[in-house]
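**Student:** 3D, please:
(chains A, B, C and D)
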There are 2 protein chains.
Amino acid sequence: MADVAHRAGVSVSTVSRTLRGLSTVSETTRARVEAAARELSFAITRSASSLVTGRTGRVAVLMPHLESWFLSATLSGMAPALRDAGLELLVYSVTDVQERADFFDRLPARRNADALLVVSFALSPAERARLDDLGMPLVFVSQHAPGRPSVYVDDEEAALRGTRHLLNLGHRRIAFLQTADETGFAWSSKNRLAGHLRALTEAGIEHDDDLIMSVPGWKGSGMAAAVGRLLSLQTPPTALFTETDDLAFRLLAALREANIPVPGRVSVMGFDDHVMSALMGLTTLAQPAAELGRTAVRLTRSVLDDTDGDPQRHIILPTELVPRRTTAPPPVER
Amino acid sequence: MADVAHRAGVSVSTVSRTLRGLSTVSETTRARVEAAARELSFAITRSASSLVTGRTGRVAVLMPHLESWFLSATLSGMAPALRDAGLELLVYSVTDVQERADFFDRLPARRNADALLVVSFALSPAERARLDDLGMPLVFVSQHAPGRPSVYVDDEEAALRGTRHLLNLGHRRIAFLQTADETGFAWSSKNRLAGHLRALTEAGIEHDDDLIMSVPGWKGSGMAAAVGRLLSLQTPPTALFTETDDLAFRLLAALREANIPVPGRVSVMGFDDHVMSALMGLTTLAQPAAELGRTAVRLTRSVLDDTDGDPQRHIILPTELVPRRTTAPPPVER
DNA sequence: TGTCTTCATGACAGCGCTTGCAGGCTAGAA
DNA sequence: TTCTAGCCTGCAAGCGCTGTCATGAAGACA
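**Tutor:** Residues are numbered from 1 along each chain as shown, chains lettered A, B, ... in the order given. Model (predicted):
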């Protein structure tokens, strides 16, 4: 910055003021400074300014991993929005239990970012408390955190509509598949299951525990076994509702492997509207992942800007049922 | 830090030394300082230390977007490796032409990270030059940059083997589908095509321009048209080799739409080994995306640590042909 | 006992920027 | 012409750390 000042023939204060767009700089000076900065391709050392201002110009995102379609899509929604806001994107991916403990113990984000966006993370009360005394604005994405700014979809209501669709097609035996969750990372699962059950109750169908199945692991096997258990029930389901599209894809592969026609024999419904879902013809509940990311950034900006604003903002984004080829009326009974 | 020093009854220098694990601190003092730091849950302000040391403890990653499986997987490979190295991950996603110009114009990474990892980015000579005078270690990932540390797979050789497989199955008319590339973002495409053509030459098959097809856009349509053009040739291809698995999935969807059995009528081969490929039974060339990310981090660390080391390191990771259900001998001629 | 090491610690000068304050300059008013 | 009021601009004091140098205490050795 001293170089720029020298070249423009002004003081560093003036350069600083110019580059931050303060109004108290004359047009001619501003032009000179900007030219000098451009010629030297000056880029500000954020460390130095944050030391003074206490603002880092950086936003941290905490995610359980980086591999799922949903998280990638959310992140892609965030990136341009952050760029537009002049904020940089710091990613903390906390995948296993050890990393997780470490993250909450050391809180590396502290003083290293202006806000923390917590995406799809089921926090324990202790962790929640730990984040609270981080002294940093928090925004919860894809999850509802009471009393905290959050952006999410109404998983319960969406699942309710999904199951209703299956019921309307005539299905009465509907299984629900969720990912087994050793780590406590999943958040949506509970609400989606709740919505599913509510739809069943609404329709006067009694709940059957055998039809709720947990499939282990993020990828890997276990799907075939789950399918096997469902199909060997005395009255097997005619429709399968999965917690995510990823799970639905694995399910479809397992069903094809087992020569079970979809939707001829069973219907399958997912949740997410993964890019591949359209290609696979999967009926699903679309949630606007990229929009979730963009909205989260908008919310973050408003939290950062308003000094006295209401910090308890909740934004619920709409979901949509997308009927495709994997759902149909159940086969006629013989 | 002053608070910690006060509480422990020592000077800030001693606190700093303790927290950085320098050896010149006595056991008793170290214990006192650590206790004080823990009680106050002190977290260091990285801005301040980087201002002094010139090191940010942060690594920037430049990517053309965040949505493809390949980039997500590479990023997931990097994240834990960076964490282990005590480095933070800053993501610059530069998607459209405007953003791109802006990035290379302003070079926001300058002085804001210790190194820049450039992933899957076909740089113009001007851009390359611009990065060079960034005064920052560069590591090229999934691309070969002569004279610069890079980690990549041999796309040409992999494609060569892919096409050989099709030839070995008996195919003689093999089309190659690549993504149309207005932005110049793709890098691998050229080399993969080159490998494909080399295999044809090797087999004494003459090259036919009609069999090389560009499909517009990242997603979207255009695939049906491409399929139409191929199938309306006087002698249509019996096998289709796509530049990426993403493209292959779209192709498979278009073929199913057109009632063309795979591999009965045409064989399809992809490139990547996307998570979904196994589920779809797609024959493909597996490239180790996560391993690419991990290796890139290893390379980055060695570049950052060695002050005098050889900066021209090249690491080529192996690819593997994964034969699955979408390839078979061509239909017998009638 | 005196001198030389060695070791642990503190004092202090910045790192590159921001910001309150003071001062110089210009222009309009008296 | 002199005075006042704005405008711009520069000065200088930090922001929270690190790293160099100096200091003093304790041990080693003759």
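**Student:** distance of the residue of chain A most remote from its centre from A:Ala2?
**Tutor:** Ranked by distance from the centre of chain A (C-alpha atoms, centre = their mean), the top residue is A:Gly9, with 49.1 Å. For A:Gly9, the distance to A:Ala2 (C-beta to C-beta, to the nearest Å) stands at 13 Å. Yep, even glycine has a C-beta here, placed from its N, CA and C like the rest.
**Student:** now A:Thr326
**Tutor:** Applying C-beta to C-beta to A:Thr326 and A:Ala2 gives a distance of 64 Å.
**Student:** neighbour count: these two, which is higher?
**Tutor:** A:Thr326 (24 against 9; other C-beta atoms under 10 Å in any protein chain shown).
**Student:** can you report phi and psi for the closest residue to the more buried one other than its chain neighbours?
**Tutor:** Spatial nearest neighbour of A:Thr326, chain neighbours left out: A:Val268 (4.3 Å); criterion: C-beta to C-beta, 6 or more residues apart in numbering or on different chains. As for A:Val268, its main-chain torsions (degrees, to the nearest 10) stand at phi -130, psi 130.
**Student:** A:Val268: neighbouring residues, count only.
**Tutor:** Applying other C-beta under 10 Å, I find that A:Val268 has 27 neighbouring residues.
**Student:** surely it meets A:Leu252?
**Tutor:** Yes: under the criterion of C-beta atoms under 8 Å, A:Val268 makes contact with A:Leu252 at 6.1 Å.
**Student:** make sure A:Gly135 is indeed in a strand.
**Tutor:** No: under DSSP: H, G, I helix; E, B strand; the rest coil, A:Gly135 falls outside any strand and is assigned coil.
**Student:** now it: phi and psi?
**Tutor:** According to degrees, to the nearest 10, A:Gly135 has phi 60, psi 40.
**Student:** also A:Ala175?
**Tutor:** Residue torsions, per degrees, to the nearest 10, at A:Ala175 are phi -90, psi 150.
**Student:** quickly list what it is bridged to.
**Tutor:** With DSSP bridges as the criterion, A:Ala175 is bridged to A:Leu240.
**Student:** wait, isn't it in contact with A:Ile212?
**Tutor:** Yes: the pair A:Ala175 and A:Ile212 qualifies as a contact (C-beta under 8 Å) at a distance of 7.2 Å.
**Student:** more neighbours: which of the two?
**Tutor:** Neighbour comparison, A:Ala175 and A:Ile212: the larger count goes to A:Ala175, with 24 against 14 (by other C-beta under 10 Å).
**Student:** how about the contacts made by the more buried one?
**Tutor:** A:Leu211, A:Ile212, A:Met213, A:Leu230, A:Pro237, A:Ala239, A:Leu240, A:Phe241 (C-beta atoms under 8 Å, 6 or more residues apart in numbering or on different chains).
**Student:** return a ChimeraX selection command for the buried portion of these.
**Tutor:** With 16 or more other C-beta atoms under 10 Å in any protein chain shown as the criterion, this ChimeraX line picks the buried residues out of the contacts of A:Ala175:
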select /A:211,213,230,237,239,240,241
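**Student:** now the contacts of A:Ala175 in a markdown table, with pLDDT and distance to A:Arg55?
**Tutor:** Formatted as a markdown table, the contacts of A:Ala175 follow (pLDDT from 0 to 100; distance: C-beta to C-beta, whole Å):
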| residue | pLDDT | distance to A:Arg55 |
| --- | --- | --- |
| A:Leu211 | 95 | 52 |
| A:Ile212 | 94 | 47 |
| A:Met213 | 91 | 48 |
| A:Leu230 | 94 | 54 |
| A:Pro237 | 97 | 54 |
| A:Ala239 | 98 | 52 |
| A:Leu240 | 98 | 49 |
| A:Phe241 | 98 | 45 |
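**Student:** fine by me, thanks again.
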